[in-house]
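Student: output the structure for:
(2 chains)
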Protein chains: 2
Amino acid sequence: MATIDFWYSIGSTYSYLTVMRLAQMADSSGVAFRWRPFNVRHVMLAQNNVPFKDKPIKSAYMWRDIERRAQKYGLSPRLPAPYPLADLPLANQVALLGSEEGWVEAYTRATYRRWFEEGLLAGEEPNLSASLSEIGLPAERIIDTAKSPRIVEALSAATEEAMALGIFGAPSFVVGGEVFWGDDRLEDAVAWAKR
Amino acid sequence: MATIDFWYSIGSTYSYLTVMRLAQMADSSGVAFRWRPFNVRHVMLAQNNVPFKDKPIKSAYMWRDIERRAQKYGLSPRLPAPYPLADLPLANQVALLGSEEGWVEAYTRATYRRWFEEGLLAGEEPNLSASLSEIGLPAERIIDTAKSPRIVEALSAATEEAMALGIFGAPSFVVGGEVFWGDDRLEDAVAWAKR
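Tutor: I've put the predicted structure just below:
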């Protein structure tokens, strides 16, 4: 079965769309996705990319664009969601731990739902613990482990790996050396995987 | 008949895709497009948007992305095309004159074809005169008129109009107050126009 690496950061706005529709895409396409959290903010700073928050006109467009696309996918976010994340690394350190332990997708969906549909920032309370509890995990222990040097370093290594692949933003899809950037390239990445 | 304003700058790389497929889209959709040249570089500088040329990793991705999409549309550009344009205003002053006189689409296609398929920068010689001659226009007279204060001001006014609409990049499609940014949003803009 073809596999696509799905590189994302909790903190990326457009990743909401992908996070919420990826299970269905996996089902309908027969393609498997490997969830790869990284620190997109680190990559953007390293590459002279200005984040949305410093571009008010592009930001206003982004929210409207996400709203239109969410509608198309049958999603009902409350927009604009609070932005940006204060603790982007922690949100993604938890995700990275989840990718080791098998609950990364469930956690990411739970935390994005709270962020985009209930207005509670990811990576901090009450979103963080509630999202972990919802999927049956001991929040306190998970958060402690996610803050450990081992996981901090693993997220940093994943971020370096993303940069080495040519990734500069999130979400990105990588298949057979090809990078596809943006939720709107998901269909293209799937088509590429099935060639 | 529904009409979409197609805002673009000769100098925008992704606009190549739109310029080359818009006639077919107009035919198949029954939607009319009004070609609106503006100075995207001016808008980006005003809005803190870093152009591709200053982001090498994103630039490399852009060319590969354009290549994949061009293939999908049956186009055969020679990539990377030379970039950026030295005289972006003049290329678009000519286009603006063309939008007054009815030959904007023919000129824009001719000059993009030379730029993207023959490696000759738009807005300068030999591309400029050859593109005008190809569509049966007296190049010298056209270029003189395009350099006149009236046309310079008209391009500046169009650029202000674009910014007032919330446009921050090219190509953009505007229909019923909705802005759609990027060649990859053309289908969405058409669907919106036909609602």
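Student: ranges for the helices of chain A?
Tutor: A:15-29, A:40-46, A:56-72, A:88-101, A:104-118, A:127-134, A:139-146, A:149-164, A:186-193 (DSSP state H).
Student: would you list those in CSV and tack on mean neighbour count?
Tutor: For glycine as for every other residue, the C-beta is placed from the backbone atoms N, C-alpha and C. What follows is the helices of chain A, written out as CSV (neighbours: other Cβ atoms under 10 Å in any protein chain shown):
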stretch, mean neighbour count
helix A:15-29, 19
helix A:40-46, 19
helix A:56-72, 17
helix A:88-101, 23
helix A:104-118, 22
helix A:127-134, 20
helix A:139-146, 16
helix A:149-164, 16
helix A:186-193, 19
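Student: quick one: closest of those to chain B.
Tutor: The minimum distance between chain B and the helices of chain A falls on helix A:56-72, with 5.0 Å, by Cβ to the nearest Cβ.
Student: could I get the CA-only coordinates of that closest one as PDB?
Tutor: In PDB, the C-alpha atoms belonging to helix A:56-72 read as follows (Å, rounded to 0.1, in the frame of the first residue of the first chain):
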ATOM      1  CA  PRO A  56      -3.300  41.400   8.400                       C
ATOM      2  CA  ILE A  57      -4.800  41.400   4.800                       C
ATOM      3  CA  LYS A  58      -3.500  38.000   4.000                       C
ATOM      4  CA  SER A  59      -4.700  36.800   7.400                       C
ATOM      5  CA  ALA A  60      -8.200  38.100   6.700                       C
ATOM      6  CA  TYR A  61      -8.200  36.200   3.400                       C
ATOM      7  CA  MET A  62      -6.900  33.100   5.100                       C
ATOM      8  CA  TRP A  63      -9.800  32.900   7.500                       C
ATOM      9  CA  ARG A  64     -12.400  33.400   4.700                       C
ATOM     10  CA  ASP A  65     -10.600  30.900   2.500                       C
ATOM     11  CA  ILE A  66     -10.600  28.300   5.300                       C
ATOM     12  CA  GLU A  67     -14.300  29.100   6.000                       C
ATOM     13  CA  ARG A  68     -15.200  28.400   2.400                       C
ATOM     14  CA  ARG A  69     -13.200  25.200   2.200                       C
ATOM     15  CA  ALA A  70     -14.500  24.000   5.600                       C
ATOM     16  CA  GLN A  71     -18.000  24.400   4.200                       C
ATOM     17  CA  LYS A  72     -17.100  22.300   1.200                       C
END
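Student: so which bits of chain A are right by chain B?
Tutor: A:47-50, A:54-55, A:57-58, A:60-61, A:64-65, A:68, A:163, A:166, A:168-169, A:178-181, A:184-185, A:188 (Cβ under 8 Å from any Cβ of the partner chain).
Student: can you put the helices of chain A in CSV and add mean pLDDT?
Tutor: Output for the helices of chain A, formatted as CSV (pLDDT from 0 to 100):
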stretch, mean pLDDT
helix A:15-29, 98
helix A:40-46, 91
helix A:56-72, 95
helix A:88-101, 98
helix A:104-118, 98
helix A:127-134, 98
helix A:139-146, 98
helix A:149-164, 98
helix A:186-193, 98
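Student: out of the ones you listed, nearest to residue B:10?
Tutor: Of all the helices of chain A, helix A:56-72 sits nearest to residue B:10, with 21.8 Å by Cβ to Cβ.
Student: so what does that closest one touch, helix or strand wise?
Tutor: helix A:15-29, strand B:178-181 (3 or more Cβ pairs under 8 Å, 6 or more residues apart in numbering or on different chains; DSSP states H and E).
Student: now the closest residue to residue A:190 other than its chain neighbours: how far from residue A:37?
Tutor: With Cβ to Cβ, 6 or more residues apart in numbering or on different chains as the criterion, residue A:190 has its nearest non-adjacent residue at 4.8 Å, and that residue is residue A:29. Taking Cβ to Cβ, to the nearest Å as the measure, residue A:29 falls 22 Å from residue A:37.
Student: and the closest residue in space to residue A:34 that isn't next to it in sequence, what pLDDT?
Tutor: Excluding its sequence neighbours, the residue lying closest to residue A:34 (Cβ to Cβ, 6+ apart) is residue A:5, at 5.0 Å. Residue A:5 carries a pLDDT score of 98 in this model.
Student: looks like residue A:5 contacts residue A:38 (just checking).
Tutor: No: counting by Cβ atoms under 8 Å, residue A:38 is not a contact partner of residue A:5; they are 10.4 Å apart.
Student: tell me which of these two has more neighbours.
Tutor: residue A:38 (26 against 18; other Cβ atoms under 10 Å in any protein chain shown).
Student: state the distance from that one to residue A:155.
Tutor: Residue A:38 is 7 Å from residue A:155, by Cβ to Cβ.
Student: mutual contacts of the two, please.
Tutor: residue A:92 (Cβ atoms under 8 Å, 6 or more residues apart in numbering or on different chains).
Student: how near is residue A:108 to residue A:95?
Tutor: 6 Å.
Student: tell me, what's touching the two both at once?
Tutor: Common contacts of residue A:108 and residue A:95 (Cβ under 8 Å, 6+ apart): A:10, A:35, A:37.
Student: quick one: which of those residues is nearest chain B?
Tutor: For the shared contacts of residue A:108 and residue A:95, the nearest to chain B is residue A:37 (19.9 Å; Cβ to the nearest Cβ).
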